[in-house]
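Chemist: What follows is a predicted structure for the sequence shown.
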Amino acid sequence: MIGTTDIIITIGYILLIVAIGLWTGLRKKPAGAEGSGEYFLAGKTLRWPMIGLALFATNISCLHLVSLAQSGFDAGLLNGNFEWMAAFTLILLALFFVPFYIRSGVSTLPDFLERRYNRACRDWLAIVSIVSAIIIHIAFSFLAGGIVLETLFGIDMYLSIIVIAALTGLYTILGGLRAVVVTESIQSIVLIAGAVVITVAAWDKMGGWQPMEAVLAEHGAADRLSMMRPLGDPSGMSWMAVFLGYPILGIWYWCADQTIVQRVLGAKDENHARVGALFCGFIKILPVFIFVMPGLFAWALYQSGGLDVSALQHGENGAVDSKGIYTLMITQLLPTGLIGLLVAALLSGLMSQIAGALNSIATLASFDLYKRFRPQTQDAELVKVGRWASALALLLSIALLPLLNRYQSLFEGINDVIAHIAPPITCVFLLGIFWKKASPRSAQLTLWIGSALGAAVYALNKMAPGNPWAAFLS
């Protein structure tokens, strides 16, 4: 539980972000700036610093802060591979994908697939993109945020999620992409600052790098410092699995996922879009040091008696439920005032990712689904449809929480879902851009059959968890 001062800081931050989002989205626009283009793509006026920060904020949610710290506690620096490999994927986005997207003048990625292949590909990607945004970007973020707020404030997880959903949905649904990007830029700075604070606090408590190494060596855990694991490693993330498996996930996430790429589509021009993606790739160097490493320090502190994890222990063998390790670090390592800052950072990540996903869902539902059946729809009606779609997505994501909470690790859960969605979409986008002979029929079958196989394998793995049909990243 945290004190009154920190609660005031947290509430004040939430109200400030909501106020900025509403002011940005609802203030009077210049003549000619009204309409669906302004609401969904910020009138294509975004500059590269804002694009880079918004990309980072949409990616790094409360889920990432909580789950990457958990992964650092459980397995060391291993999952930092996802962060550093993302930098290379963002270079691909800037060099190869952005020129195609910007020059074709598309509003959504399903729109791009229709121009490259056919209408069936557009419809399928629009539906899959909405589903993935609800599950990956919203529901998992809600789950992480709910765990943190319940631990810190003692508030029921579902009640806190409903409140955050209502506040974030308020400025996102009313304000559109411009409100989302402006608030995400602010939240990126707060998030990074908060993560640096907890890293420094853990480092100071441990006494530096060498004492941490000594604890790891004493407990036979020196391999926790390695991000390159040998073939056959029990984690299932050997160096070969990472280098061959991650690009399939990463290219979909960074180059073909509407929630992420929408910031690029709102760029002022191609150069701003490309530099914004590269800027985000540069920032992605930081998470290993400020998100994953604090979890590793927490494990060393736990082993050396510097961190009390009794509140997380349960069962006969005293197993530690590491989902709450980041919250525990906040309450035990930080003084009053800084705890409020860290909670604000966590809420920054939560609100920014939800906001980005809601705007993406609104765009897909309006442009790619509703407008197909009513091509003469006016801008005002498109915006209204987008707002209703966002509100419905919030309700569906909350309904999914009990199911997703069954995952032992949040990071494992989100990547498990991505691994079953990404392969066919990655294949279709790569071949569509780099191979002129890729045909509409082949793309359509790849999306349909690939998605069906992914769903079947996912279902089989859940029905027979001890005998996985396909290992992660395999």
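Modeler: Structure's in. What do you need?
Chemist: what does stretch 107-121 contact?
Modeler: With contact meaning C-beta atoms under 8 Å, 6 or more residues apart in numbering, stretch 107-121 is reached by 37, 40-41, 100-101, 104, 106, 122-123, 125-126, 129, 256-258, 261-262, 265, 363-364, 367-368, 372, 428-429, 432, 438-440, 443-444, 447. For glycine as for every other residue, the C-beta is placed from the backbone atoms N, C-alpha and C.
Chemist: nope, stretch 408-426 is what I was after
Modeler: So stretch 408-426 is contacted by 63, 66-68, 70-71, 74, 79, 82, 125, 128, 132, 135-136, 140, 143-144, 247-249, 251-253, 256, 322-323, 404, 407, 446-447, 449-451, 454-455, 457-458, 472-473 (C-beta under 8 Å, 6+ apart).
Chemist: Narrow those residues to those in helices?
Modeler: Among the contacts of stretch 408-426, the members falling in helices (DSSP state H) are 63, 66-68, 70-71, 74, 82, 125, 128, 132, 140, 143-144, 247-249, 251-253, 404, 446-447, 449-451, 454-455, 457-458.
Chemist: Selection in PyMOL covering whichever of these are buried, please.
Modeler: Those of the ones in helices among the contacts of stretch 408-426 that count as buried under 16 or more other C-beta atoms under 10 Å are selected in PyMOL with:
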select buried, resi 63+66+67+68+70+71+74+82+125+128+132+140+143+144+247+248+249+251+252+253+404+446+447+450+451+454+458
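Chemist: What is the longest helix of the chain by residue count?
Modeler: Longest helix in the chain, counting by DSSP H: helix 157-206.
Chemist: can you give me the strands in the chain?
Modeler: 313-314, 319-320 (DSSP state E).
Chemist: Comparing those strands, which yields the minimum mean pLDDT?
Modeler: The weakest mean pLDDT among these belongs to strand 313-314, with a mean of 64.
Chemist: counting contacts, what elements does the longest helix of the chain pack onto?
Modeler: Where contact means 3 or more C-beta pairs under 8 Å, 6 or more residues apart in numbering; DSSP states H and E, helix 157-206 is packed against helix 4-26, helix 36-41, helix 48-59, helix 140-153, helix 293-303, helix 325-333, helix 338-363, helix 379-404.
Chemist: so where's this structure uncertain?
Modeler: Along the chain, segments meeting pLDDT under 70 span 1, 25-43, 171-181, 184, 313-319, 348-349, 411, 464-474.
Chemist: hmm, back to that, now for the helices and strands packed on helix 157-206, which one comes closest to His272?
Modeler: His272 sits nearest to helix 48-59 of all the helices and strands packed on helix 157-206, at 4.5 Å, using C-beta to C-beta.
Chemist: and the closest one, which residues are buried?
Modeler: Result for helix 48-59 [16+ other C-beta under 10 Å]: buried residues 48, 50-59.
Chemist: ok, now how distant is the residue nearest the centre of the chain from Ser360?
Modeler: Nearest to the mean C-alpha position of the chain, by C-alpha atoms, centre = their mean, lies Asn59 at 3.6 Å. Going from Asn59 to Ser360 by C-beta to C-beta, to the nearest Å gives 13 Å.
Chemist: Also Phe153?
Modeler: 29 Å.
Chemist: do the same with Ala438
Modeler: The separation that Ala438 has from Ser360, given C-beta to C-beta, amounts to 25 Å.
Chemist: who has more neighbours, those two?
Modeler: Ser360 (30 against 18; other C-beta atoms under 10 Å).
Chemist: So the more buried one is in contact with Arg263, correct?
Modeler: No. With contacts counted by C-beta atoms under 8 Å, Ser360 stays clear of Arg263, the gap being 9.6 Å.
Chemist: Neighbours of Ile260, how many?
Modeler: 26.
Chemist: repeat for the one 10 residues further on
Modeler: Taking other C-beta under 10 Å as the neighbour definition, Glu270 ends up with a count of 15.
Chemist: again, but for Ala345
Modeler: Ala345: 25 neighbours (other C-beta under 10 Å).
Chemist: what's near enough to touch the nearest residue to it once chain neighbours are set aside?
Modeler: Using C-beta to C-beta, 6 or more residues apart in numbering and skipping residues adjacent in sequence, the residue nearest Ala345 is Gly194, 2.5 Å away. Gly194 sits next to 341-342, 344-346, 348 when contact means C-beta under 8 Å, 6+ apart.
Chemist: Considering these, which possesses the most neighbours?
Modeler: Comparing the contacts of Gly194 by number of neighbours (other C-beta under 10 Å), Leu342 comes first, having 31 neighbours.
Chemist: Report the contact partners of Arg441.
Modeler: Contacts of Arg441 (C-beta under 8 Å, 6+ apart): none.
Chemist: and with 10 Å instead?
Modeler: 117-118, 120-121 (C-beta atoms under 10 Å, 6 or more residues apart in numbering).
Chemist: From these, list the buried ones, please.
Modeler: Buried among the contacts of Arg441 (16+ other C-beta under 10 Å): 117, 120-121.
Chemist: what's the overlap in contacts for Asn59 and Ser360?
Modeler: Counting by C-beta under 10 Å, 6+ apart, the residues touching both Asn59 and Ser360 are 137, 257, 259-260.
Chemist: Would you confirm that Ser352 contacts Asn59?
Modeler: Yes. Judged on C-beta atoms under 10 Å, Ser352 makes contact with Asn59 at a distance of 9.2 Å.
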